[in-house]
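Student: turn this into a structure:
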Amino acid sequence: MNKRHRVSASTAVVGLVIAGVHFIGATSAHADGVKPSVPPGTEPSASAPVPIDSSAPGLKIPQGGTLAPVKVLDIAEVVEDLGGEQRRQETNQTVMMALQSEVLFPENSAVFNAQAAARIQAIANEINTQKATRVRVFGFTDDQGSYEHGKELSKQRADAVQAELAKTVTSPGVIYDVRGYSEDYPIADNGTEEGRKKNRRVEITFPRTTPAGGN
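Tutor: Below is the predicted model of the structure:
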């Protein structure tokens with residue numbers, strides 16, 4: 001490689017570093033009218049760092065530039081029962097429990113069936129164990145029927161779950177964030193009944209205060 005090529009390669013590497021330094025830690029923004037891919041407040045708490053080859057020749061950090069601090073990425077562990085009726089997702093910061101609507105409510109209804117209370121109380125007991133003071137309860141539907149009907153039904157179901165949780169959650173001053181999202185944020189293909197069944201759900205999310213598997 002001649003001198004001219006070496007200078008060009010070094011310049012290219014420095015350019016990559018400048019780009020990496022500039023964007024590390026930047027917050028993502030969504031254009032007006034464009035929906036995020038996940039419900040607000042459920043985005044990952046840390047983003048992957050820009051990869052940099054520390055052995056690259058000519059690697060230099062521009063004057064005044066600094067590398068972003070090291071972050072521990074959330075590692076999500078997902079456990080789903082055999083029937084897919086209940087799904088548990090844990091990270092180092094949160095616990096999320098998703099219950100399919102069919103195990104809680106009759107079709108097109110926000111009135112609990114006979115088994116619903118026991119399932120929700122079990123989640124409430126874990127909220128007590130974690131001593132959580134903020135709980136999100138989000139309702140979702142599939143894409144069948146009108147969007148507005150789905151939004152109303154998903155909110156009614158989320159309200160019903162929150163009210164049942166409140167009967168067992170004993171932590172003082174718990175703040176609930178209750179929302180209905182209709183068919184937004186599907187987790188499966190709405191083109192099949194199996195996928196639509198997974199999308200009809202209520203998610204309960206709360207912060208973790210004990211390690212995974214801890215008491």
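Student: helices along this protein, start to end?
Tutor: 3-23, 116-130, 147-168, 193-199 (DSSP state H).
Student: lowest average confidence, helix or strand, in the protein?
Tutor: helix 3-23 (a mean of 41; mean pLDDT, DSSP states H and E).
Student: low-confidence stretches in this structure?
Tutor: Within the chain, the ranges that satisfy pLDDT under 70 run 1-38, 40-68, 70-77, 80-83, 210-215.
Student: okay, now the residue nearest to Lys197 when sequence neighbours are not counted: neighbour count?
Tutor: Nearest in space to Lys197, with sequence neighbours left out and distances taken as CB to CB, 6 or more residues apart in numbering, is Gln100 at 6.2 Å. In this view, the C-beta of every residue, glycine as well, is placed from N, C-alpha and C. Gln100 has 19 neighbours, counted by other CB atoms under 10 Å.
Student: next up, the contacts around Gln100.
Tutor: Gly84, Glu85, Gln86, Lys197, Lys198, Arg200, Arg201 (CB atoms under 8 Å, 6 or more residues apart in numbering).
Student: wait, the second one touches Ser101, no?
Tutor: No: checked against CB atoms under 8 Å, the pair Glu85 and Ser101 is beyond contact range at 9.9 Å.
Student: could you check which of these two has the larger neighbour count?
Tutor: Counted by other CB under 10 Å, Glu85 and Ser101 do not tie: Ser101 has more neighbours, with 24 against 18.
Student: do I have it right that that one meets Arg201?
Tutor: Yes: counting by CB under 8 Å, Ser101 touches Arg201, with 6.1 Å between them.
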